[in-house]
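*Asks:* Predicted model and sequence below, questions to follow.
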Amino acid sequence: MAGASPHSRGVALIGSGSAQAAQVITNHQLGQRVETSDEWIRSRTGISTRRVSSPDQRLSDLAADAGRSALEMAGWSANSLDLVLLATSTPDDLFGSAPAVQAALGASNAVAFDLTSACSGFLFSLVTAAQYLRTGAMRRALVIGADQLSRFVDWDDRRSCVLFGDGAGAVALEASDDDGLLGFLVRSDGARGGVLNLPAIDSDAPLADDARHRRGGYRPIEMNGQEVYKFAVREVPAVLECLLERCAVSPETIDWLLLHQANQRILDAVADRFAIPRAKVLSNLAHYGNTSAATIPLVLDEAVRDGKIQPGHLLASSGFGAGLSWGAALLRWQGPA
């Protein structure tokens, strides 16, 4: 599926927000649990610490806090929202956590639903929300990316436990004559999906007579790290290059590279492919780890609040992960009026 900006109506990125999990876990602390070290983790991933939710901190709490922050920056009241779209693979409720977030925000006029696409979730949700605004069906949307992967990590598996963290980020979008979504490309390939999974428990139990039923529940995250890395360094530059060509945008005009924060080596490889200076690559991976659908809006919000991203800046963004799924978007940051 692909799209550019075919309609007269566009979308403006008005506000951003984020929320952090309560606990900071260092590489040294993980080294006390599994056979690893700070040097081993940093050299292979770029991660120094990660955030892990406290036992009383729910996914919907993080998402609502990030959403409030974005609304405050935008200067909007919650009841002015038409849509609350929550990108998450780890809801508090398997039926969906977006309605709980809507209620927590007081966004009584908004429809709310979840979208699940793992680490690509925020980018896919941003593109989805934009279509509602472009058609004129809705005027304002809040897109939130939030995940608590710490609930599904095997903390005794040193290959995966060092990678993930919890967090949330949000962006406030508004229908506008000036389009902040210059173009996008989104991709999926289920044939390669077996390299990164959070699979259901494969077990059953007696029901009645000879009938049996499948049990609910999930196993910890399973990942082939080498294959995921090869997928990312191949597909992310390719989809970005295709999008830049389609939109007639040259890499040197990009102000910031806004990528899913999975591995610092991936971020560097993409920047090198397009000869983009490392100083233009947004990265907070060292402090948060991979927060899945939260990484892009979280690093975006930090860069906006730090004054790096200014109104009018052009951002080349890409999300990638389980599914397998990946995509890219060209974004123009507008900021609050």
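*Replies:* Good, I have the coordinates.
*Asks:* and the helix or strand where residue 299 lies, what other elements does it pack with?
*Replies:* Element membership for residue 299 (DSSP states H and E) is helix 295-305. Contacts defined by 3 or more C-beta pairs under 8 Å, 6 or more residues apart in numbering; DSSP states H and E place helix 295-305 against strand 10-20, helix 59-74, helix 121-134, strand 140-148, strand 166-176, strand 256-259, helix 285-288, strand 314-321. The C-beta positions use only the backbone N, C-alpha and C, and glycine is treated the same way.
*Asks:* which one of those has the most crowded surroundings?
*Replies:* Compared across the helices and strands packed on helix 295-305, strand 140-148 shows the largest average neighbour count, a mean of 31 (mean count of other C-beta atoms under 10 Å).
*Asks:* Tell me the strands beside that one, with direction?
*Replies:* strand 83-87 (parallel), strand 166-176 (antiparallel) (DSSP bridges).
*Asks:* What angle do strand 166-176 and the helix or strand just after the first one make with each other?
*Replies:* Read it as strand 83-87. Using DSSP H and E, the helix or strand that follows strand 83-87 towards the C-terminus is helix 98-105. Angle, helix 98-105 to strand 166-176, by axes from the mean of the first three to the mean of the last three C-alpha atoms, to 10 degrees: 80 degrees.
*Asks:* Run the chain-centre distance for helix 98-105.
*Replies:* 19 Å (C-alpha atoms, centre = their mean, to the nearest Å).
*Asks:* pull the longest helix from this protein.
*Replies:* helix 225-246 (DSSP state H).
*Asks:* what's the offset of that helix from the middle of its chain?
*Replies:* 16 Å.
*Asks:* ok, residue 114 - contacts?
*Replies:* By C-beta atoms under 8 Å, 6 or more residues apart in numbering, the residues touching residue 114 are 86-88, 91, 96-98.
*Asks:* Report the rounded mean pLDDT for stretch 239-259.
*Replies:* Mean pLDDT, computed over stretch 239-259, is 96.
*Asks:* Run a quick neighbour tally on residue 190.
*Replies:* 9 (other C-beta atoms under 10 Å).
*Asks:* For the residue found closest to it once you drop the neighbours it is linked to in the chain, which three-state class applies?
*Replies:* Spatial nearest neighbour of residue 190, chain neighbours left out: residue 323 (6.8 Å); criterion: C-beta to C-beta, 6 or more residues apart in numbering. Following DSSP: H, G, I helix; E, B strand; the rest coil, residue 323 is assigned to coil.
*Asks:* what does the one 3 residues further on give?
*Replies:* Under three-state DSSP, the three-state class of residue 326 is strand.
*Asks:* How about the contacts made by the nearest residue to it once chain neighbours are set aside?
*Replies:* Excluding its sequence neighbours, the residue lying closest to residue 326 (C-beta to C-beta, 6+ apart) is residue 320, at 3.9 Å. Residue 320 is in contact with 119-120, 231-232, 235-236, 260, 262, 326-327, counting by C-beta under 8 Å, 6+ apart.
*Asks:* Now list the buried members of the residues you listed.
*Replies:* Buried members of these, counted by 16 or more other C-beta atoms under 10 Å: 119-120, 231-232, 235-236, 260, 262, 326-327.
*Asks:* what's the neighbour count on the residue nearest to residue 314 when sequence neighbours are not counted?
*Replies:* Computed as C-beta to C-beta, 6+ apart, the closest residue to residue 314 that is not its neighbour in sequence is residue 255, at 5.0 Å. By the criterion of other C-beta under 10 Å, residue 255 has 17 neighbours.
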